[in-house]
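Undergrad: Sharing a model prediction with you, sequence too.
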Amino acid sequence: MGLYLIAASESSWGMFTFYSVMVLIGVNMIILAHEFGHFIVARLCGVKCEKFYVWFDVFGWRICRFQWGETEYGIGVLPLGGYVKMLGQEDNPARLREELERAKAARAAGDPFREKSPGANPDQADSSPEAIDVEAAEQALYDPRSYLSQSVPKRMAIISAGVIMNVIFALVAAVAAYPLGVKDVACAVGLVVPGKGAWQAGLRPGDEFEMIAGKPVQTFSDLKAAVSLGDGVGQGVSMVVRRPRVKESFQVTAVAERGVLAPEIGIGLPRSTTLAESLPVFPGSSADMARPAFQPGDRVVRINDRPTSDYAQIHSQLARHTDEPLTFTVQRTAESQSGSEKAAATEEITIEVAPMPMRRLGLVMKTGPITAIQDHSPAAEANLRPGDQILLVDGDPPGDPMTLPDRLRRLASGSEQARVVLTVSRDGEEKPLDVEVLLRVPDTFELPLTRESAVSVPALGIAYQVLGQVDAVLPGTPAEKAGLKPGDVVVQATSIPPDKEFLKSQGLEEAARKLRQKELVVKLGDDKSGWPFVLAWIQDCLPGTRLELELQDGGKVALAPVEADDWFYPQRGLEFAVLRVQRRADSPGEAIALGTQETVDSLLLIFRTLKALSTGQVSGKALMGPVGIVQVAYYSVVEGPGEFLLFLCLISANLAVINFLPIPVLDGGHMVFLAYEGIRGKPPSEGVFVGLSYLGLALILILMIWVIGLDFGCIARQ
């Protein structure tokens, strides 16, 4: 482990090279283990192994080779696996026997072009497509060291050995990972998507999951798998939740909805109290302009003299004081040199952060219907329903649906018993209904994190759509200057990142490199949501970003967002690191127990994923190709040796399951053919074998084209 850390600390280029080499070695160890399984069992069964190659030596091209005993070992040039070549290895022995009989008949008839003998002219023998080396064919079939001369059980053992070796490799990797320590994302809530299942169930930032669907969970990956691969789609997933500063755990049921790629309940990654290492504050934000400046790794310990031991407390303070200055006390650790040793010194620094005005365009869009009601909320107690359309708030038009949550927050904060009367239209009712609702003081906020997100009103506990139709244009704003008017329908919004000259003039080149923001295109219209996501997106865009709006009549306008006077962004540009937990085995027995469970979970995860794919519960666009796998491998090796070993465990388990599927050309397909031969006493006919083999090959090629297309963006995941 010391070597791991030393090698990775030389330089950024040295780190990249080191990590890349580690990925290359790790992935090829999986291939090596698989082929070694075939090789060692074949040798134990007495089969002669002519070649053992990692990667493929196409057209005879190879990186290196050497002969050891009767086997040629080497590394090919095509990095797509490896192979073991055994004497007499022929996928279809029936075809080989038929060809051998025809060659013998041709020899008896005196036809030199129907066979290829060792002493014949090679050019002349190769002129016949049916030519066959009789001596080699007889050796393949009848040599006692030939693969084909082995019994069906022995051949089954040889074929299945690769898969078994992958399972063993996965187990060894997992067991080795836990003594080193494994960091993973905590099984908790970061942000909640308005209107989704988690929001409706009343989950909030900081909540931690103990059990899902009756099974204990420890990591965010466990949560995702339980939701996306479980049986609660459209019915609800039972969850046992622990909330900070609440004595007893409680149970909720969150409905998982079908998302773009897989079912989801609508939560973001949990956050810690420590600012992110790469970009602690967003460029141009209030947090970015605060002095003294925030630094990566700063840990927020107090806000306005209130202790913040977890992100839930930070989130609550940000929500309660959106339009007020906040004083952050951060704990900063700095290294100092003392003689030949380094020492860590910790100090507390106070930083005042001003409110952060929202960026807006000056458009007031049309309010859509209520899409969801939060459980046990004021709206639920007042009997508001999904589908209700808000017409009036205390007798006045609701105004901008994007600012309504903030206006009601201020009203609720000003009085303990603040109430509003909502006039709503409801299907089945001829006249509008007046509904009085007791507001609650919001201590949380939700952001539209997806293109389909609604807008939530925490004071009420409702979520509603905001449509693409312009309801009003604010005077003096970019929208008015661009000539937009009520009734216009926006069908598409495209963000235009600032150019290089602007970034250079503002000193934002490094920030732009880290963020890698690209053009974003969002489809919307008078019958679709999407505008909330567009507004949320421009809050986290680099300064100088413009928004191009395409109208239903074909017109286009480009607008530069401006800051609002009375509407503020609660996050203020602070970027908190993801909350992680570390699992470490304190004894060999614990490492074996944890590693075994990890291996079993990895194997079951693949089966559950295949089932979900086959039923359409998970989209085929969720698959990952070789490029994606290499990227994930790189990120895992950057995280640390324990995380990389668990990644290898997952990939090795994946290879074991996939390779043993009953698809011709895979090991599982060969097992099916061998089972048929064992039952019938003879292999399948050439026609059946060839037809099924071509079908299996076609399936594999289609799958490879599909996942590579996803990797390179040729197939859109959205």
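TA: Thanks, I have it.
Undergrad: Give me the domain ranges for this structure.
TA: 93-142, 271-357, 362-560 (automatic domain parsing).
Undergrad: Of these, which stretch is the most buried?
TA: Highest mean neighbour count of the domains of the chain: domain 362-560, a mean of 18 (counted as mean count of other C-beta atoms under 10 Å). Backbone N, C-alpha and C define where each C-beta goes, glycine included.
Undergrad: Can you give the distance from that one to the centre of its chain?
TA: How far domain 362-560 lies from its chain's middle: 27 Å, per C-alpha atoms, centre = their mean, to the nearest Å.
Undergrad: Ok, stretch 706-718 next?
TA: With C-alpha atoms, centre = their mean, you get 14 Å for stretch 706-718.
Undergrad: got any ranges where this protein has weak pLDDT?
TA: 1-12, 90-142, 232, 234, 335-344, 525-528, 718 (pLDDT under 70).
Undergrad: same thing but 50
TA: Residue ranges of the chain with pLDDT under 50: 1-11, 99-100, 112-131.
Undergrad: quick one, longest helix in it?
TA: helix 12-44 (DSSP state H).
Undergrad: If you count neighbours, what's buried in that one?
TA: In terms of neighbour count (16 or more other C-beta atoms under 10 Å), helix 12-44 has its buried residues at 18-19, 22-23, 26-39, 41-42.
Undergrad: again with stretch 583-591
TA: When neighbours are counted by 16+ other C-beta under 10 Å, the buried residues of stretch 583-591 are found to be Arg583, Ala585, Ala591.
Undergrad: still on that earlier bit, tell me which of the domains of the chain sits nearest to Val255.
TA: domain 362-560 (9.8 Å; C-beta to C-beta).
Undergrad: Pull up the distance across the closest one, start to finish.
TA: Terminal residues of domain 362-560 lie 10 Å apart, using C-alpha to C-alpha, to the nearest Å.
Undergrad: Where do the strands of the stretch 551-700 of the chain begin and end?
TA: With DSSP state E, counting those that start in this stretch, the ranges of strands along the stretch 551-700 of the chain come out as 556-559, 562-568, 576-578, 580-583.
Undergrad: To Pro543, which of these lies closest?
TA: Of the strands of the stretch 551-700 of the chain, nearest to Pro543 by C-beta to C-beta is strand 562-568, at 11.0 Å.
Undergrad: just so I have it, where are all the helices in the stretch 1-150 of the chain?
TA: Along the stretch 1-150 of the chain, counting by DSSP state H, counting those that start in this stretch, helices occupy 2-8, 12-44, 93-109, 122-126, 134-142.
Undergrad: ditto for the stretch 351-500 of the chain
TA: Under DSSP H, counting those that start in this stretch, the stretch 351-500 of the chain gives helices at 378-381, 404-414, 478-481, 500-505.
Undergrad: which helices and strands does the last one pack with?
TA: Read that as helix 500-505. If contacts are counted by 3 or more C-beta pairs under 8 Å, 6 or more residues apart in numbering; DSSP states H and E, helix 500-505 sits against helix 509-515.
Undergrad: Strand partners (parallel or antiparallel) of the following helix or strand past the helix it packs on?
TA: Next helix or strand after helix 509-515 toward the C-terminus (DSSP states H and E): strand 520-523. Looking at strand 520-523 with DSSP bridges, its partner strands are strand 490-496 (antiparallel).
Undergrad: Can you tell me which residue is spatially central in the chain?
TA: Nearest to the geometric centre of the chain sits Ala622, at 8.2 Å (C-alpha atoms, centre = their mean).
Undergrad: how far away is that residue from Val185?
TA: 18 Å (C-beta to C-beta, to the nearest Å).
Undergrad: ok, now Gly642?
TA: Counting by C-beta to C-beta, the gap from Gly642 to Val185 is 14 Å.
Undergrad: Give me the more crowded residue out of these two.
TA: Each of Gly642 and Val185 has its neighbours counted (other C-beta atoms under 10 Å); Gly642 has more, 23 against 18.
Undergrad: dump the residue contacts of that one.
TA: By C-beta atoms under 8 Å, 6 or more residues apart in numbering, the contact list for Gly642 reads Ala177, Tyr178, Leu180, Gly181, Val182, Lys183.
Undergrad: still on that earlier bit, distance to Lys556 added to the buried residues of stretch 583-591, as JSON lines?
TA: Formatted as JSON lines, those follow (distance: C-beta to C-beta, whole Å):
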{"residue": "Arg583", "distance to Lys556": "53"}
{"residue": "Ala585", "distance to Lys556": "60"}
{"residue": "Ala591", "distance to Lys556": "61"}
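Undergrad: Identify the bridge partners of the spatially closest residue to Pro369 that is not a sequence neighbour.
TA: Nearest non-adjacent residue to Pro369, counting by C-beta to C-beta, 6 or more residues apart in numbering: Gln389, 4.9 Å away. For Gln389, the beta-bridge partners under DSSP bridges are Ser425.
Undergrad: ok now do Gln389, which residues does it touch?
TA: So Gln389 contacts Thr367, Gly368, Pro369, Ile370, Val424, Ser425, Arg426 (C-beta under 8 Å, 6+ apart).
Undergrad: Closest to Arg245 out of the residues you listed?
TA: Of those, the one sitting nearest to Arg245 (C-beta to C-beta) turns out to be Ile370, at 31.1 Å.
Undergrad: okay but Ala186 is in contact with Leu579, surely?
TA: Yes - the criterion here is C-beta atoms under 8 Å, and Ala186 meets it with Leu579 at 4.5 Å.
Undergrad: Find the residues that touch each one of those two.
TA: Pro270.
Undergrad: Need phi/psi at the closest residue to Ala33 other than its chain neighbours.
TA: Leaving aside its chain neighbours, Ala33 sits nearest to Phe169 (4.1 Å; criterion: C-beta to C-beta, 6+ apart). Phi and psi for Phe169, reported as degrees, to the nearest 10, are phi -60, psi -40.
Undergrad: now the closest residue to Arg451 other than its chain neighbours: how far from Ile373?
TA: Of all residues not flanking Arg451 in the chain, Phe533 sits nearest, at 5.0 Å (C-beta to C-beta, 6+ apart). Noted for Phe533: a distance of 21 Å to Ile373, by C-beta to C-beta.
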